[in-house]
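**Q** everything below, folded, please.
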Amino acid sequence: MDSTSSLPDVWPEPVVPVQSLSEAGISAVPPQYIKPPKERPVFPAPSLDVPIVDVARFLDGGAPPDEQQLQAVADACSQYGFFQVVNHGVEASTVEQMRGAWTRFFGLGMEEKKVCSNSPAAPEGYGSRAGVEKGACLDWGDYYFLHVMPSEIKCRNKWPKSPHDLREITEEYGRKLMNLSEVLLKAISMSLGLDESYLHAAFGGGGGGGVAACMRVNYYPTCPQPGLTLGISSHSDAGGIAVLLADDGVSGTQVRKGDTWYTVQPIPRAFLVNVGDQIQVIKLI
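**A** Residues are numbered from 1 along each chain as shown. Predicted coordinates:
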């Protein structure tokens with residue numbers, strides 16, 4: 001059964017892109033974006049040295065990882081649930097092309113972007129809210145959501161037609177990130193003492209039905225009162241793993257360890273990896 005079949009075709013209230021509010025020069029955050037006091041960001045938040053994991057030896061053709069490297073992966077996953085991955089094999093040029101293409105997209109006129117608007121029943125596309133509850137507290141950010149795999153669920157008519165090279169660049173970036181995700185699943189499997197293909201197969205790879213993957217490109221406009229709202233509400237990632245590309249030099253990502261939220265200082269050319277809910281509950285045989 002299609003899980004979206006019971007969802008409405010339209011949002012419960014008119015959708016106002018946050019970018020348009022920011023560019024209008026408003027001096028105060030509208031009430032629907034103000035978070036309850038307990039959910040507001042803490043300034044300044046303490047910094048956290050998220051583990052750095054070098055996956056060079058997990059790439060095809062590399063020397064096999066040693067016990068120290070396997071333990072580093074295990075510790076990062078079990079003690080933090082996050083790590084920054086380096087020497088991952090994704091070329092800097094691919095990353096910069098991806099950043100550039102989507103920067104150009106969000107720089108398009110609002111009416112051109114709205115042609116790609118999504119809905120609760122058809123989540124792919126350009127959007128500014130996720131929940132269908134009327135009167136919900138909203139996040140200060142816009143996004144573009146796409147299915148990457150399997151190809152059967154891609155809605156290609158919702159992929160932007162402009163900039164002209166965005167589709168090609170996004171497809172290439174998606175392939176590279178899928179390759180990296182397979183490497184990460186291999187590393188996590190080996191760190192658990194399992195066959196290197198265990199988790200990849202568990203998620204449908206290698207003839208198991210097909211791995212599913214999606215991509216969300218977030219745009220966080222300037223906010224007049226950043227202490228009252230969030231770009232995206234606190235959450236855990238429901239999938240297996242999430243690979244996050246942060247803007248260089250922008251330390252807006254926060255992670256929770258224990259009961260405290262910490263700011264992550266992104267490393268140039270690194271990806272931030274979040275171990276998702278499915279990895280934590282998957283049955284190990």
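**Q** ok, the most centrally placed residue in the chain - contacts?
**A** The chain has Leu244 as the residue nearest its centroid, 4.9 Å off, counting by Cα atoms, centre = their mean. When contacts are counted by Cβ atoms under 8 Å, 6 or more residues apart in numbering, Leu244 is found next to Thr253, Phe271, Leu272, Val273, Asn274. Glycine gets a C-beta too; all of them are placed from N, C-alpha and C.
**Q** next, give phi and psi for it.
**A** Per-residue torsions, Leu244: phi -110, psi 130 (degrees, to the nearest 10).
**Q** if it is in a bridge, with which residues?
**A** Applying DSSP bridges to Leu244 gives these bridge partners: Leu272.
**Q** returning to what we had before: wait, which of the contacts of Leu244 is closest to Leu199?
**A** Val273 (13.4 Å; Cβ to Cβ).
**Q** which residues touch that closest one?
**A** Applying Cβ under 8 Å, 6+ apart to Val273 gives the contacts Val53, Phe82, Phe83, Gln84, Val85, Leu184, Ile241, Ala242, Val243, Leu244.
**Q** so can I have a markdown table of those residues showing pLDDT, secondary structure and distance to Leu194?
**A** Listed next are those as a markdown table, based on pLDDT from 0 to 100; DSSP: H, G, I helix; E, B strand; the rest coil; distance: Cβ to Cβ, whole Å:
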| residue | pLDDT | secondary structure | distance to Leu194 |
| --- | --- | --- | --- |
| Val53 | 96 | strand | 17 |
| Phe82 | 93 | strand | 21 |
| Phe83 | 96 | strand | 19 |
| Gln84 | 96 | strand | 23 |
| Val85 | 97 | strand | 19 |
| Leu184 | 96 | helix | 14 |
| Ile241 | 94 | strand | 15 |
| Ala242 | 95 | strand | 21 |
| Val243 | 96 | strand | 21 |
| Leu244 | 95 | strand | 25 |
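**Q** now the contacts of Leu244 as TSV including pLDDT and distance to His235?
**A** Formatted as TSV, the contacts of Leu244 follow (pLDDT from 0 to 100; distance: Cβ to Cβ, whole Å):
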residue	pLDDT	distance to His235
Thr253	88	13
Phe271	96	19
Leu272	95	15
Val273	96	16
Asn274	94	10
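**Q** and which of these is nearest Ser191?
**A** When the contacts of Leu244 are compared against Ser191 (criterion: Cβ to Cβ), the nearest one is Val273, at 12.9 Å.
**Q** does Leu21 sit in a helix or strand, and which one?
**A** Using DSSP states H and E, Leu21 falls within helix 18-23.
**Q** restrict that helix to CA atoms and write it as CSV.
**A** Extracted C-alpha coordinates of helix 18-23, given in CSV (Å, rounded to 0.1, in the frame of the first residue of the first chain):
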residue,chain,number,x,y,z
VAL,A,18,11.1,31.4,4.2
GLN,A,19,13.4,32.9,1.7
SER,A,20,10.8,35.3,0.6
LEU,A,21,10.2,36.4,4.2
SER,A,22,14.0,36.9,4.8
GLU,A,23,14.4,38.9,1.5
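**Q** quick one: mean pLDDT over whichever helix or strand comes after it.
**A** Remark: after helix 18-23, the chain's next helix or strand is strand 47-48, criterion DSSP H and E. Across strand 47-48, the average pLDDT comes to 88.
**Q** what strands line up against strand 47-48, and which way round?
**A** Strand 47-48 is paired, per DSSP bridges, with strand 260-264 (parallel).
**Q** what's the end-to-end length of stretch 28-46?
**A** End-to-end distance for stretch 28-46: 26 Å, by Cα to Cα, to the nearest Å.
**Q** same deal with stretch 241-253?
**A** OK, stretch 241-253 end separation, Cα to Cα: 16 Å.
**Q** and the strands in the stretch 101-250 of the chain, which stretches?
**A** Per DSSP state E, counting those that start in this stretch, the stretch 101-250 of the chain carries strands over the ranges 125-127, 142-149, 213-219, 241-244.
**Q** go ahead and confirm Trp140 touches Val29.
**A** Yes - using Cβ atoms under 8 Å, Trp140 makes contact with Val29 at a distance of 7.2 Å.
**Q** more neighbours: which of those two?
**A** Trp140 (25 against 19; other Cβ atoms under 10 Å).
**Q** that one and Glu133, how far apart?
**A** Noted for Trp140: a distance of 18 Å to Glu133, by Cβ to Cβ, to the nearest Å.
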